[in-house]
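Chemist: could you look at this predicted model? Sequence included:
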Amino acid sequence: MQLKMDLEKGDTKVKIEALKKTINMILAGEKLPGLLMTIIRFVLPLQDHMIKKLLLIFWEIVPKTTPDGKLLQEMILEPELLEPLMPAIRACLEHRHSYVRRNAVLAIFTIYKNFEFLIPDAPELIANFLDGEQDMSCKRNAFLMLLHADQERALAYLASCLDQVTSFGDILQLVIVELIYKVCHANPSERSRFIRCIYNLLNSNSPAVRYEAAGTLVTLSNAPTAIRAAASCYIELIVKESDNNVKLIVLDRLIALREHPSHERVLQDLVMDILRVLSSPDLEVRKKTLALALDLVSSRNIEEMVLVLKKEVAKTHDVEHEDTDSNELAATDVLVFVREAIQKFDHLQPLIIEKLLESFADIKSVKVHRAALWILGEYATSASDIAAVLKQIHQTLGDGPLLDAEQKLLAGETSDETNQPTQQTTTLVTSDGTYATQSAFNTTPKLKKEKRPPLRQYMMDGEFFIGAALGTTLTKLALRYGEKVPLSKQNRFDADVMLIISGIIHLGKSGLPAKAITNDDTDHLLFCLRVLSDRSPIIIEVFDIHCRRALHDMLIANEVEEAAIQKLKEKPSNKIQADDPIIFVQLQPDRSSELGENVFEMSLSQALVGGRPGSAELASINKLNKVTQLTGFSDPVYAEAYVHVNQYDIVLDVLIVNQTSDTLQNCTLEIATLGDLKLVEKPQPIVLAPNDFCNIKANVKVASTENGIIFGNIVYDITGAASDRNVVVLNDIHIDIMDYIVPASCTDIEFRRMWAEFEWENKVTVNTTVTDLFEYLKLLLKWTNMKCLTPEKALSGQCGFMAANMYAKSIFGEDALANLCIEKPFNKADAAVTGHVRVRAKSQGMALSLGDKINSSQKGQFKA
């Protein structure tokens with residue numbers, strides 16, 4: 001009431017504040033039906049500049065229709081206000097400033113759309129204006145109005161200036177592309193009339209026009225020439241545009257083109273042009289380009305493609321790379337490829353060993369050196385190769401015992417710390433103007449830092465894991481060398497290997513390195529010494545046979561997984577039954593089916609799906625599972641909600657039933673959220689008759705992967721009651737994190753990198769009645785919707801212990817990692833599985849939510 005008084009009788013400042021308060025209340029969802037006429041009568045006539053600006057905002061947000069869609073009574077006055085202004089609006093079409101003219105066109109468009117009787121000749125008026133207008137922004141607005149108000153006039157104008165379209169501005173060309181798209185889809189016979197225009201717009205100066213024209217051309221025609229022109233346009237856009245986001249968007253269009261079987265052959269002919277995108281500096285763009293090019297490989301382009309890729313690899317040798325991490329990742333990928341190649345192609349093993357030995361001394365990364373050592377230890381089989389590997393290891397490790405070499409180096413540094421003093425002489429001018437000489441002796445100690453061989457430098461930095469890998473490599477080489485040479489040479493080789501391994505242990509425990517050797521690495525090196533001294537046939541078989549067999553099994557498992565992923569990507573082929581009708585395209589009355597669906601086939605398939613037995617009952621059961629009861633059956637107002645989760649949106653369809661014999665006034669559903677949930681719009685109050693019911697929908701936005709809670713109450717007034725408002729508290733609705741998590745894959749290197757980077761960890765203790773390790777893993781994957789990254793071969797067998805890595809990704813791009821460590825005693829067959837699950841994520845909410853999900857699932861298992 002006070003707000004209404006301020007708007008009616010207040011001065012200008014009071015009315016401004018009241019109008020601001022009104023706008024804020026409307027934006028908050030409040031209904032103020034009585035104020036609309038007050039504002040029209042007492043505020044609208046004022047000439048104050050601030051009030052006019054606020055009124056523009058008010059007219060934008062104020063509801064103009066009733067709930068059934070009819071115009072409000074107050075809004076019917078709007079045509080009466082506009083009618084005197086129509087001559088002035090018409091006159092603005094001839095104003096000397098283009099700004100006024102283009103806004104006059106938009107004003108006429110809006111008036112014609114809402115109150116056609118005020119300006120019935122608007123299309124004719126704008127068509128005449130379009131013929132004589134020269135400014136591109138005015139022509140664009142006029143053409144846009146004709147596009148929506150009178151397509152016939154828009155087509156007539158376009159046909160009259162079809163040859164001049166390429167000279168138009170880009171804003172007008174975009175509207176022309178939109179018109180052609182709509183017209184050709186509504187009337188396919190018009191395609192031949194306008195498709196040449198689309199071809200011409202592929203050469204427009206505007207990248208936006210070329211992009212839209214290429215997309216329109218693909219939808220209008222499936223001809224190979226059209227697909228080739230559109231794809232070439234996309235490729236030119238990717239190459240010339242500097243924005244990486246634009247490159248990725250257009251690349252996605254090319255990838256979508258490839259999914260069509262008839263388009264893929266055309267793109268195969270353009271694969272060399274696609275490879276031009278590799279010149280982009282962005283890594284993500286180059287990855288997508290290479291993936292697309294590999295999918296388009298065929299016997300016709302494989303040779304040219306290999307030549308281009310060879311040139312790209314050669315470029316990496318000519319450029320000095322400052323990014324050490326990228327070089328390390330690239331070298332690791334190359335060694336993974338070399339490992340697979342040397343395993344699959346036996347005839348290439350001597351050549352690969354030779355090349356790897358040549359480049360072994362140039363490696364600068366400890367991870368790359370470790371991988372190279374494994375390959376050399378596993379595939380160096382001849383006596384000459386084994387001797388060459390040992391010689392290379394001596395060069396990169398240093399001759400003699402490691403500890404003695406480091407102690408000598410340290411002693412050499414201390415003896416050279418103080419060098420002979422150096423004399424510095426300067427000439428000075430004394431007070432009487434004569435010259436004098438001043439000498440100074442510099443005795444500053446000069447430190448001399450020796451450069452160590454790379455393998456020894458790693459261990460001095462505390463990286464003794466490579467020492468353990470070196471011990472394994474030397475042990476394999478010694479066991480293999482002993483089978484090919486006489487006993488004397490074998491003993492000499494074994495002694496050399498044992499000296500190196502024992503030297504690593506002594507160096508690790510000497511205190512000279514930055515970090516001491518770990519107990520695990522020490523035990524591994526001592527085990528290698530024991531293997532060389534005992535030479536047990538069982539252990540020799542493990543070193544010589546089982547290691548390579550494990551690699552073979554892993555490669556086979558990877559191939560099977562890749563084949564399964566590729567099969568999922570492939571589109572199912574159309575199976576034609578013997579009694580299916582044959583459709584002759586030539587006998588069809590028109591070719592409209594190229595632009596859309598076959599309506600007959602679509603309706604027939606819908607009828608078949610709808611008539612399939614059991615499908616309706618199954619859908620109803622699934623829907624009932626998502627219904628949450630919000631109030632009790634004895635409450636005056638009964639409520640239940642159907643929760644529909646669709647990626648970023650949650651729709652609550654709430655059924656409210658008035659179980660009383662009173663009319664409920666201002667019955668309002670008040671909702672609040674907890675977590676990263678946001679209520680989009682406040683539900684409007686309703687009136688419920690006795691024993692009546694209604695449905696209220698509320699939209700909630702989801703911002704991140706985190707368990708959320710929706711809670712609230714229903715408030716209402718009873719007609720004639722003098723008491724306060726009545727409140728019915730609702731049960732909480734829990735939003736499950738599993739609705740936003742999907743299984744995903746990543747490499748072991750990526751998993752370890754993310755595991756080290758993510759700072760939030762949740763350790764969950766395993767509490768279950770399950771007695772089988774593998775069975776618990778399957779249950780955990782089902783509960784968390786994650787994918788197991790550990791190969792099934794590594795999980796097979798019964799050893800009383802299991803460790804597995806799992807990975808999933810949310811629809812918001814968040815990563816979730818999990819590591820399962822469980823065990824079970826051998827002597828107790830009925831004992832339950834024990835252990836823990838460690839969950840890591842970048843955000844705290846993700847880690848906590850996944851941990852809560854595991855705990856709740858385990859408790860639910862006990863109840864079951």
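Modeler: Good, I have the coordinates.
Chemist: from here on, contacts and neighbour counts on C-alpha atoms
Modeler: Fine.
Chemist: now Glu190. Nearest residue, chain neighbours left out?
Modeler: Among residues not flanking Glu190 along the chain, Cys184 sits closest, at 5.6 Å (CA to CA, 6 or more residues apart in numbering).
Chemist: residue contacts, that neighbour?
Modeler: Under the criterion of CA atoms under 8 Å, 6 or more residues apart in numbering, the contact list for Cys184 reads 190-191, 220.
Chemist: closest one to Phe109 out of those, please.
Modeler: Using CA to CA, the shortest approach to Phe109 within the contacts of Cys184 belongs to Glu190, at 26.3 Å.
Chemist: thinking again about what came up before, which of the contacts of Cys184 fall in helices?
Modeler: Per DSSP state H, helices hold the following members of those: 191, 220.
Chemist: can I get the contacts of Cys184 in CSV with pLDDT, neighbour count and distance to Val336?
Modeler: Written out in CSV, the entries for those read as follows (pLDDT from 0 to 100; neighbours: other CA atoms under 10 Å; distance: CA to CA, whole Å):
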residue, pLDDT, neighbour count, distance to Val336
Glu190, 78, 13, 56
Arg191, 79, 16, 53
Leu220, 83, 22, 46
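Chemist: the nearest residue to Val285 once chain neighbours are set aside: which element?
Modeler: Take Val285 and drop its neighbours on the chain: the residue closest to it by CA to CA, 6+ apart is Leu248, 6.2 Å away. According to DSSP states H and E, Leu248 maps onto helix 244-258.
Chemist: pLDDT (mean, whole number) over that helix?
Modeler: Along helix 244-258, the predicted local confidence has a mean pLDDT of 88.
Chemist: got the buried residues for it?
Modeler: Using 16 or more other CA atoms under 10 Å as the test for burial, helix 244-258 gives 244, 247-248, 250-251, 254-255, 257-258.
Chemist: for Lys515, state which of those is nearest.
Modeler: Using CA to CA as the measure, the one of the buried residues of helix 244-258 that approaches Lys515 most closely is Asn244, at 43.2 Å.
Chemist: so who does the closest one touch?
Modeler: Taking CA under 8 Å, 6+ apart as the definition, contacts of Asn244 comprise 282, 285.
Chemist: how far away is it from Arg253?
Modeler: To Arg253, Asn244 is 14 Å away according to CA to CA, to the nearest Å.
Chemist: before we move on, what about Gln798?
Modeler: Here the criterion is CA to CA. By it, Gln798 lies 49 Å from Arg253.
Chemist: likewise for Arg753?
Modeler: Computed as CA to CA, the Arg753 to Arg253 distance reads 32 Å.
Chemist: backbone dihedrals for the closest residue to Ile255 other than its chain neighbours, please?
Modeler: Beyond its immediate neighbours in the sequence, the residue positioned closest to Ile255 (CA to CA, 6+ apart) is Leu292, lying 6.6 Å away. The phi and psi values for Leu292, taken as degrees, to the nearest 10, are phi -60, psi -40.
Chemist: and Leu292, how close does it get to Ala223?
Modeler: With distances taken as CA to CA, Leu292 is found 22 Å from Ala223.
Chemist: the more surrounded of those two?
Modeler: Neighbours per residue, other CA atoms under 10 Å: of Leu292 and Ala223, the larger number sits with Leu292, 20 against 13.
Chemist: check contacts around Val308.
Modeler: Taking CA under 8 Å, 6+ apart as the criterion, Val308 is in contact with Leu275.
Chemist: element containing it?
Modeler: For Val308, the host element (DSSP H and E) is helix 302-318.
Chemist: what's the span of stretch 289-307 from first residue to last?
Modeler: Distance between the two ends of stretch 289-307: 16 Å, counting by CA to CA.
Chemist: about what we covered before: what does the model give the residue nearest to Ile255 for pLDDT?
Modeler: What the model reports as pLDDT for Leu292 is 88.
Chemist: how many residues are close by Lys288?
Modeler: Residue crowding around Lys288 was assessed by other CA under 10 Å; the count is 17.
Chemist: kindly apply the preceding question to Ile119 instead.
Modeler: Applying other CA under 10 Å, we find 17 residues neighbouring Ile119.
Chemist: so what's it up against?
Modeler: The neighbours of Ile119, taking CA under 8 Å, 6+ apart as the test, are 86, 108, 111-112.
Chemist: need the contact list for the residue lying closest to Glu823 once chain neighbours are set aside.
Modeler: Leaving aside its chain neighbours, Glu823 sits nearest to Phe801 (4.2 Å; criterion: CA to CA, 6+ apart). Residues near Phe801 by CA under 8 Å, 6+ apart: 773, 821-824.
Chemist: how about a cut-off of 7 Å?
Modeler: Listed by CA atoms under 7 Å, 6 or more residues apart in numbering, the contact set of Phe801 reads 822-824.
Chemist: quick one: the closest residue to Ile505 other than its chain neighbours and Ile171, what's the gap?
Modeler: Nearest residue to Ile505, sequence neighbours excluded (CA to CA, 6+ apart): Thr522, at 6.4 Å. Look at Thr522 and Ile171: by CA to CA, they are 72 Å apart.
Chemist: more neighbours: these two, which one.
Modeler: Here Thr522 and Ile171 are set side by side on neighbour count (other CA under 10 Å), and the busier one is Thr522, at 22 against 16.
Chemist: how about low-confidence regions in the stretch 1-150 of the chain?
Modeler: By pLDDT under 70, the low-scoring segments of the stretch 1-150 of the chain are 1, 69, 71, 73-78.
Chemist: quick one: the helices in it?
Modeler: For the stretch 1-150 of the chain, helices defined by DSSP state H, counting those that start in this stretch occupy the ranges 2-9, 12-27, 35-42, 49-61, 77-82, 86-91, 98-114, 122-132, 136-149.
Chemist: related to what we said a few turns ago, buried set for the helix or strand that the helix holding Val308 is followed by?
Modeler: Tracing the chain C-terminally past helix 302-318 and defining elements by DSSP H and E, one meets helix 324-344 next. Under the neighbour-count criterion of 16+ other CA under 10 Å, helix 324-344 has 328, 331-332, 335, 338-339, 342-343 buried.
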